[in-house]
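J.: Provided below for reference: sequence and predicted model.
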Amino acid sequence: MVGFVFAAVIANYFAGVLTWRFAFQVQAIGELPIALCFFFQDNKKIDVLADQKASSSAVESIVA
(Lines give C-alpha, C1' and ligand atoms only; values in the text may rest on other atoms or scores of the structure.)
Protein backbone atom coordinates (compact mmCIF):
# COMPACT_ATOMS: atom_id res chain seq x y z
CA MET A 1 0.00 0.00 0.00
CA VAL A 2 2.88 2.33 0.74
CA GLY A 3 4.15 1.98 -2.82
CA PHE A 4 0.73 2.77 -4.29
CA VAL A 5 0.36 5.89 -2.14
CA PHE A 6 3.78 7.24 -3.07
CA ALA A 7 3.19 6.52 -6.75
CA ALA A 8 -0.18 8.28 -6.66
CA VAL A 9 1.26 11.34 -4.92
CA ILE A 10 4.12 11.54 -7.39
CA ALA A 11 1.84 11.09 -10.40
CA ASN A 12 -0.67 13.72 -9.22
CA TYR A 13 1.35 16.41 -7.51
CA PHE A 14 4.76 16.16 -9.18
CA ALA A 15 3.66 15.33 -12.73
CA GLY A 16 5.50 18.33 -14.18
CA VAL A 17 8.79 17.36 -12.54
CA LEU A 18 8.77 13.58 -12.19
CA THR A 19 7.66 10.94 -14.68
CA TRP A 20 5.41 7.89 -14.45
CA ARG A 21 8.49 5.71 -14.74
CA PHE A 22 9.85 7.20 -11.52
CA ALA A 23 6.46 6.74 -9.83
CA PHE A 24 6.47 3.07 -10.83
CA GLN A 25 10.00 2.63 -9.45
CA VAL A 26 8.98 4.21 -6.14
CA GLN A 27 5.98 1.89 -6.00
CA ALA A 28 8.18 -1.16 -6.57
CA ILE A 29 10.66 -0.07 -3.90
CA GLY A 30 7.80 0.54 -1.44
CA GLU A 31 6.39 -2.94 -2.03
CA LEU A 32 9.72 -4.77 -1.88
CA PRO A 33 9.84 -5.09 1.95
CA ILE A 34 6.33 -6.57 1.96
CA ALA A 35 7.26 -9.12 -0.69
CA LEU A 36 10.38 -10.08 1.26
CA CYS A 37 8.35 -10.53 4.44
CA PHE A 38 5.97 -12.89 2.64
CA PHE A 39 8.89 -14.80 1.14
CA PHE A 40 10.54 -15.49 4.50
CA GLN A 41 7.29 -16.09 6.45
CA ASP A 42 6.10 -19.60 7.26
CA ASN A 43 3.28 -20.62 4.89
CA LYS A 44 1.11 -21.81 7.77
CA LYS A 45 1.09 -18.32 9.27
CA ILE A 46 -0.14 -16.61 6.09
CA ASP A 47 -2.62 -19.24 4.89
CA VAL A 48 -5.92 -17.38 4.51
CA LEU A 49 -7.89 -20.62 4.26
CA ALA A 50 -6.49 -22.17 7.45
CA ASP A 51 -9.67 -21.56 9.48
CA GLN A 52 -11.83 -23.00 6.73
CA LYS A 53 -9.63 -26.09 6.46
CA ALA A 54 -9.65 -26.57 10.24
CA SER A 55 -13.42 -26.29 10.49
CA SER A 56 -14.03 -28.65 7.56
CA SER A 57 -11.70 -31.27 9.04
CA ALA A 58 -13.46 -30.91 12.40
CA VAL A 59 -16.83 -31.50 10.72
CA GLU A 60 -15.45 -34.53 8.88
CA SER A 61 -14.21 -36.01 12.14
CA ILE A 62 -17.62 -35.51 13.77
CA VAL A 63 -19.45 -37.07 10.84
CA ALA A 64 -17.10 -40.05 10.61
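T.: Received, thanks. What you are looking at is a predicted structure, and each value in this text was computed from that prediction instead of being measured.

J.: Every contact and neighbour count from this point should use C-alpha atoms.
T.: Noted.

J.: the longest helix in the protein is where?
T.: helix 20-40 (DSSP state H).

J.: where in the chain is pLDDT low?
T.: Along the chain, segments meeting pLDDT under 70 span 1-3, 53-64.

J.: which residue is nearest the middle of it?
T.: Centroid-nearest residue in the chain, with C-alpha atoms, centre = their mean: I34, separated by 6.3 Å.

J.: quick one, what contacts that one?
T.: Shown in contact with I34 (C-alpha atoms under 8 Å, 6 or more residues apart in numbering): no residues.

J.: and the gap between it and I10?
T.: 20 Å (C-alpha to C-alpha, to the nearest Å).

J.: Same check on A23?
T.: Relative to I10, A23 is positioned 6 Å away (C-alpha to C-alpha).

J.: With Q25 instead?
T.: Applying C-alpha to C-alpha, the value for Q25 to I10 is 11 Å.

J.: So for those two, which sits in the more crowded spot?
T.: I10 (21 against 13; other C-alpha atoms under 10 Å).

J.: what's whichever strand or helix holds that one packed up against?
T.: Here I10 sits within helix 2-13, counting by DSSP states H and E. Here helix 2-13 touches helix 20-40, going by 3 or more C-alpha pairs under 8 Å, 6 or more residues apart in numbering; DSSP states H and E.

J.: Now do the helix it packs on against helix 2-13, angle only.
T.: If you take axes from the mean of the first three to the mean of the last three C-alpha atoms, to 10 degrees, helix 20-40 sits at 170 degrees to helix 2-13.
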